[in-house]
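[1] okay, sequence plus prediction incoming.
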Amino acid sequence: MNSLSRRLLPSTNALAAFDAVARHESFSAAADELSLTQGAVSRQIAALEEQLGALLFDRSSRHVVLSQAGRTYLDIVGPALASIRAASLQVMSQMHRTTLNLAFLPTFGTRWLIPRIPRFVAQYPDIILNFATRIGQFDFEREGLDAAIYIGQPDWPNADCTFLLEEIVAPVCSPKFLQEHPIGEAGDLLRLPLFNMASRPDAWNHWFKSLGITAPVPGGMRFEQFSNVSQACIAGLGVALMPLFLIGAEIESRQLVIACPHKIKSRDSYYFAAPKVRANAPAITAFRDWLLGEVSREFDPHAIELLTIS
């Protein structure tokens, strides 16, 4: 760097001293702000003036007053220093923040998880959450995801699986459909349109078996997501086995009603999964612990008698 370049790039200490004195119009107040002695601030200003070849302050007054050159310099340097401070703060903040890329089931995410996320954000403001929807198991590394909430068994290869909650299902339909198709006993459902979920192809057989009914279950419409099957039920097209905790709003508003009071526990449960090599990472641990707390706060294992089918 040549001598002219050095003159055009004063030290940040000198610039900070100049900015502080100009704002406070006081060497002593600037010294307090910068945790320096008044003499040290004066030396920084003197060195800066020598480097620029201009007087930045009018020393003929009893007060610290910017000269014309000082005012011109402050108009440019002041915003530049503010930008540098803001950039430094942004980088420092990012260094203390962690990103967690989480996959979840679509309906579970929109109906149950997302409404509760503000509590996590309030508790862990330094963890940035990114969300993706996935159904079934996948490769964490290939997908660029850190953890997942899924339904199934705790058999995800090379993953640490933490049990979250069981799923209680019951047959539901629209009030109009039930009025037009009265159901006196569970077997009456066999003559009605029964919806199926792609992720739970054997759900109806499991439900009828729990009642000792072994008759073949007729085929019906097949759906990928619960949001679609619930809308089909509301439209009066048939009956579906639905997780009760995901359709609380529809039950409360009577868009859906229980078609048959027999409730059972699904064969599969909800789990939180993370790669074993990162299962104890701080962000993953924080989210897992928070999630378990939310589940325990809402779901009382003794609130409903569960029927387990072997």
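    Perfect, I can see it now.
[2] identify the bridge partners of the nearest residue to residue 258 once chain neighbours are set aside.
    Counting by Cβ to Cβ, 6 or more residues apart in numbering, residue 258 lies nearest to residue 170, which is 5.5 Å off, once chain neighbours are set aside. To be clear about C-beta, it is placed using only N, CA and C from the backbone, and glycine gets the same treatment. Per DSSP bridges, the residues bridged to residue 170 are residue 242.
[3] how close does residue 170 sit to residue 210?
    The gap separating residue 170 from residue 210 is 11 Å, by Cβ to Cβ, to the nearest Å.
[4] anything in contact with each of these two?
    The contact sets of residue 170 and residue 210 overlap at 262, 264 (Cβ atoms under 8 Å, 6 or more residues apart in numbering).
[5] what about the two, which has more around it?
    Between residue 170 and residue 210, counting by other Cβ atoms under 10 Å, residue 170 is the more crowded of the two (19 against 16).
[6] could you report the pLDDT at that one?
    At residue 170, the model reports a pLDDT of 95.
[7] surely it touches residue 245?
    No: look at residue 170 against residue 245 with Cβ atoms under 8 Å: they stay out of range, at 11.1 Å.
[8] can you name the farthest residue from the center of this structure?
    residue 60 (60.1 Å; Cα atoms, centre = their mean).
[9] surely it is in a helix?
    No: secondary structure assignment places residue 60 outside any helix; it is coil (DSSP: H, G, I helix; E, B strand; the rest coil).
[10] could you pull out the helices in this protein for me?
    Ranges of helices in the chain, per DSSP state H, are 3-8, 12-24, 27-34, 38-52, 68-95, 106-108, 117-123, 140-143, 175-180, 203-209, 226-234, 248-252, 282-298.
[11] break the chain into its domains for me.
    Using the TED database, the domain parsing of the chain gives 1-94, 98-165+268-305, 167-267.
[12] what does the pLDDT read for residue 92?
    For residue 92, the model assigns a pLDDT of 56.
[13] ugh, wrong one, residue 147
    96.
[14] and if you look at the one 4 residues further on?
    Reading off the confidence values, residue 151 has pLDDT 91.
[15] go on, residue 158?
    Taking residue 158 on its own, its pLDDT is 92.
[16] again, but for residue 22
    88.
[17] how about the closest residue in space to it that isn't next to it in sequence, what does it touch?
    Among residues not flanking residue 22 along the chain, residue 74 sits closest, at 5.0 Å (Cβ to Cβ, 6+ apart). Residues near residue 74 by Cβ under 8 Å, 6+ apart: 18-19, 22, 66.
[18] what do you get for residue 246?
    Residue 246 touches 107-108, 111-112, 226, counting by Cβ under 8 Å, 6+ apart.
[19] restricted to buried residues, select the contacts of residue 74 in PyMOL.
    Only the buried entries of the contacts of residue 74 go into this PyMOL selection, using 16 or more other Cβ atoms under 10 Å:
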select buried, resi 18+19+22+66
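[20] of all the contacts of residue 74, which comes closest to residue 126?
    When the contacts of residue 74 are compared for distance to residue 126 (Cβ to Cβ), residue 19 wins out at 29.9 Å.
[21] mind listing what the closest one touches?
    Contacts for residue 19 (Cβ under 8 Å, 6+ apart) come out as 74, 77-78, 81.
[22] buried subset of those as a PyMOL selection?
    Only the buried entries of those go into this PyMOL selection, using 16+ other Cβ under 10 Å:
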select buried, resi 74+77+81
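[23] what stretches of the stretch 151-300 of the chain score poorly on pLDDT?
    Counting by pLDDT under 70, the stretch 151-300 of the chain shows low-confidence ranges at 300.
[24] ok, now with 90
    Along the stretch 151-300 of the chain, the parts satisfying pLDDT under 90 run over 197-202, 214-220, 223-228, 245-249, 266-268, 277-278, 297-300.
[25] pLDDT wise, what is the residue most central in space within the chain at?
    Nearest to the geometric centre of the chain sits residue 129, at 3.7 Å (Cα atoms, centre = their mean). pLDDT recorded at residue 129 is 95.
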